[in-house]
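In: Output the structure for:
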Amino acid sequence: MNTRPEAFTDLATARRIRAQMYRCGGCGMCTKRVEGFGLFACSTEGRTFPLCIATPGASFELDHDTLKRAA
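Out: Numbers count the residues shown, from 1 in each chain. Below is the predicted model of the structure:
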């Protein structure tokens with residue numbers, strides 16, 4: 001169980017990661033992305049960033065290496 005300061009730190013970290021994902025367009029931080037002409041898109045059929053988070057099965061997978069490079 002986290003203490004209050006640890007929980008606050010975890011929440012702040014999650015907010016920073018989420019903000020970084022939205023700055024990159026969402027799909028830019030996913031492992032299932034496809035790049036073309038400098039833009040990123042989802043490789044799963046019919047899904048884009050906000051929808052893929054809530055979709056069961058084929059959902060958003062955070063690419064930790066890209067996140068580290070963007071930070």
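
In: low pLDDT regions in this structure?
Out: Low-confidence segments of the chain, defined by pLDDT under 70: 45-47, 58, 71.

In: Repeat the analysis, applying 80 as the threshold.
Out: Judged by pLDDT under 80, the chain has its weakly predicted residues at 1, 21, 24-28, 32, 34, 38-62, 66-71.

In: Where do the strands of it begin and end?
Out: Ranges of strands within the chain are 33-36, 39-42, based on DSSP state E.

In: what residues does the last one touch?
Out: Among residues not part of strand 39-42, those counted as contacts by C-beta atoms under 8 Å, 6 or more residues apart in numbering are 24-25, 27-28, 30, 32-35, 48-49, 52. Glycine gets a C-beta too; all of them are placed from N, C-alpha and C.

In: looking at the residues you listed, which has the most residues close by?
Out: Neighbour counts for these peak at C30, which has 26 neighbours (criterion: other C-beta atoms under 10 Å).

In: Confirm for me that that residue is in contact with L62.
Out: Yes: using C-beta atoms under 8 Å, C30 is in contact with L62, at 7.1 Å.

In: Most widely separated two among the contacts of strand 39-42?
Out: Within the contacts of strand 39-42, E35 and C52 form the most distant pair, 16.4 Å apart (C-beta to C-beta).

In: before we move on, the earlier item: out of the contacts of strand 39-42, which sit inside helices?
Out: 49, 52 (DSSP state H).

In: Could you export the contacts of strand 39-42 as CSV, including distance to L11?
Out: Listed next are those as CSV, based on distance: C-beta to C-beta, whole Å:
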residue, distance to L11
C24, 21
G25, 24
C27, 24
G28, 23
C30, 22
K32, 26
R33, 26
V34, 32
E35, 31
T48, 26
F49, 22
C52, 23
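
In: can the strands of the chain go into CSV with extra columns for distance to A14?
Out: Formatted as CSV, the strands of the chain follow (distance: least, C-beta to C-beta, whole Å):
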stretch, distance to A14
strand 33-36, 21
strand 39-42, 22
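
In: K68: which of those is closest?
Out: Between K68 and these, the shortest gap by C-beta to C-beta is with strand 33-36, which sits at 15.8 Å.
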